[in-house]
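[1] here are the coordinates; sequence isn't available:
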């Protein structure tokens, strides 16, 4: 039986470490090799997980397959410090927030490219297909000194996979709400190149996204209906080695979807499509690596409501980015990272009653980051300068120190600064925007204790974040203004081990998210979250369960939303090398709960899958 360790709490973290930023080698996850897994997001250069000072979680492709998660909402929900919310069914708008800093204060990257909306500034994580993900790195805490705007609460970076062996895999699933899914994945390799191509499609009758159209709970003037959806994804990644020192890479993700939603007694829907593309090259020598990358994010969505023209609208964004990243490993104890970013963005929002169209908004940035180890002490720090044509210059920095009790255990103290530029909607939305807004900012201090041993891993971090100039609606001016302040104190705990032949993972999050202006808790930010994962794996079958518990929170109107607990079950059986059968049951006890006021949540939901690998 293969032992595995829960690091993220989304399931069993399959054993993996990375010999480079792009290649994974499987190892026993309960061993110290887990700490040797190389991550790149925490320092924007390859660093062993055990040596990072930032609170970091890694989720691998094997984790996602093991837990049978079909979207990022399911993947991220139980990760400490992460809060995901969904406005209805599985294809409804889904947002993610780190450490209470809101959806727009959490930076999400795909292969290094920003994917936030050019209008709202938020990220709809349901648009990202999980079938092409190689790994996800979640770095909690401010990281504007490396990435610039939006990294108030942290960074979530998604890496798409390239093929490690030749083959084709077919997968089909059917489940509740007449949900149908199909996936085809082809991977291949040669002496100097690899590729991976994935095609997927999903359709469902869905359920009614809003309960405000239910006579028993809200307004009766909205017709009840199931909100169906369909979505198709294509993703490709190829890596080629041109010489001993030069590699090239290219990736492409294409998404198309149509989602129904509740409107004014009609059948409104949103049709959207997006493309994420990257191309670049990396030059590597013994002590020096340089990567040059170009990326493009293109999104367009059209919302229509036959009976309510004010709901009609078209949003467009085209964002081009160029990145130059460099790492110089001076010796075994000293590393220097530096680079530059350039971003130019076109964004437009066209409504029946008004619009804005802002072209060529650009930003140029440069960063410097270093780390040195002196015996049992590691010191690191960094600084970044951003020059945006809208709000001007912004200088952010961070630093930290760690005391290593052994190669497996360290105590760290870190400090970081971050900022968030106003979104185009905040600046220019017709009848609402305020072009005089300035960036939101935050400062955070954190204490962490992390250990990786032969039998377990454990991580405990406490933090305090002070956020200023937060953008909120001001009824006096009928628009947004920098009028809010917040203080968030919190603690996060992760633990994993193998106990009585069972893989056990426990994750706890406690926060005090205080709005300093009102004295109340921040909206939609629960104080307590816990998850327990238990799995057993043999050579041919596996079974597992997850228990997720969330405490009370407050909605946008200040009303209290009660806490809830959800039980999830999963299992798989490999009939032979070609055929595998899987099942996943979410909300197995069919609990009623609320994530966001006015929006329904999923009841008991079961899916059955069949996988075929010729």
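    Good, I have the coordinates. Here the structure is a predicted model, which means the values were calculated and not measured. Numbering: from 1, shown residues only.
[2] please report how far the residue nearest the centre of the chain lies from residue 525.
    Geometric centre of the chain, nearest residue: residue 156, 4.4 Å, by C-alpha atoms, centre = their mean. Using C-beta to C-beta, to the nearest Å, one obtains 17 Å as the distance from residue 156 to residue 525. From N, CA and C alone the C-beta is placed, and that goes for glycine too.
[3] go on, residue 245?
    In terms of C-beta to C-beta, residue 245 sits 47 Å off from residue 525.
[4] of these two, who's got more company?
    residue 525 (22 against 13; other C-beta atoms under 10 Å).
[5] where does the more buried one land in three-state SS?
    coil (DSSP: H, G, I helix; E, B strand; the rest coil).
[6] and the strands in the stretch 101-250 of the chain?
    For the stretch 101-250 of the chain, the strands defined by DSSP state E, counting those that start in this stretch cover 106-110, 113-114, 133-140, 154-160, 167-175, 179-189, 193-207, 227-241, 246-260.
[7] scratch that, the stretch 301-450 of the chain
    Under DSSP E, counting those that start in this stretch, the stretch 301-450 of the chain gives strands at 313-331, 334-351, 354-374, 377-388, 392-404, 409-420, 440-452.
[8] same list (these) but as JSON lines, adding distance to residue 539, mean neighbour count and mean pLDDT.
    Shown next, in JSON lines, are these (distance: least, C-beta to C-beta, whole Å; neighbours: other C-beta atoms under 10 Å; pLDDT from 0 to 100):
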{"stretch": "strand 313-331", "distance to residue 539": "41", "mean neighbour count": "18", "mean pLDDT": "95"}
{"stretch": "strand 334-351", "distance to residue 539": "41", "mean neighbour count": "19", "mean pLDDT": "94"}
{"stretch": "strand 354-374", "distance to residue 539": "42", "mean neighbour count": "16", "mean pLDDT": "94"}
{"stretch": "strand 377-388", "distance to residue 539": "41", "mean neighbour count": "19", "mean pLDDT": "97"}
{"stretch": "strand 392-404", "distance to residue 539": "38", "mean neighbour count": "17", "mean pLDDT": "96"}
{"stretch": "strand 409-420", "distance to residue 539": "34", "mean neighbour count": "22", "mean pLDDT": "97"}
{"stretch": "strand 440-452", "distance to residue 539": "27", "mean neighbour count": "21", "mean pLDDT": "96"}
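[9] make JSON lines out of those and add distance to residue 68.
    Putting these into JSON lines (distance: least, C-beta to C-beta, whole Å) gives the following:
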{"stretch": "strand 313-331", "distance to residue 68": "32"}
{"stretch": "strand 334-351", "distance to residue 68": "36"}
{"stretch": "strand 354-374", "distance to residue 68": "37"}
{"stretch": "strand 377-388", "distance to residue 68": "38"}
{"stretch": "strand 392-404", "distance to residue 68": "37"}
{"stretch": "strand 409-420", "distance to residue 68": "34"}
{"stretch": "strand 440-452", "distance to residue 68": "27"}
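[10] on that earlier part again, which of the strands of the stretch 101-250 of the chain sits closest to residue 390?
    Among these, strand 113-114 comes nearest to residue 390, with 15.9 Å by C-beta to C-beta.
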